[in-house]
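1. got a structure for you, letters missing:
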């Protein structure tokens, strides 16, 4: 049974203003070291017991997420696009449905 990290990478970029913006929210900035917050979060779930992560984000950030995961050498990640931001519960439910299609016995690790 795999543990699948689910990284919630939504947000409007208003909480760390003026650095964070709608098009480039805080999770894409390297605030605490050389890696971004997204990359640091993904790195926490590396190793044999973890499957590739699922990153939930909005369509405007899909290329940022893909590039940052590539830079961090995170292979096999799936990016799940939210049609509209509706907070955590719908994002988690969508990720659970996606993972259950291939691994119904998987355990999800929800990471913000």
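-> Sure, I can see it. What you are looking at is a predicted structure, and each value in this text was computed from that prediction instead of being measured.
2. from the chain's centroid, how far away is the longest helix seen in the chain?
-> Once the chain is assigned using DSSP state H, the helix that runs over the most residues is helix 88-102. Its chain's C-alpha centre and that of helix 88-102 lie 13 Å apart, by Cα atoms, centre = their mean, to the nearest Å.
3. okay, now the closest residue to residue 112 other than its chain neighbours: neighbour count?
-> Sequence neighbours aside, residue 8 is the residue nearest to residue 112 in space, at 5.0 Å (criterion: Cβ to Cβ, 6 or more residues apart in numbering). Heads up, the C-betas are built off the backbone N, CA and C, glycines and all. Number of residues near residue 8 (other Cβ atoms under 10 Å) recorded here: 20.
4. all further residue positions should be reported with the first residue as 708.
-> Okay, using 708 as the starting number, the last item reads as residue 715.
5. you'd agree residue 715 is up against residue 798?
-> Yes: look at residue 715 against residue 798 with Cβ atoms under 8 Å: they come within range, at 5.5 Å.
6. who touches both of those two?
-> Shared contacts of residue 715 and residue 798 (Cβ atoms under 8 Å, 6 or more residues apart in numbering): residue 763.
7. before we move on, back to that, the helix or strand following the longest helix of the chain: partners in the sheet, and parallel or antiparallel?
-> Of the helices and strands lying after helix 795-809 in sequence (DSSP states H and E), the nearest is strand 814-818. Note on strand 814-818: by DSSP bridges, its sheet partners are strand 710-715 (parallel).
8. can you give me the strands in the chain?
-> Listed in chain order, the strands of the chain (DSSP state E) span 710-715, 761-765, 785-789, 814-818.
9. perfect, I'm done here.
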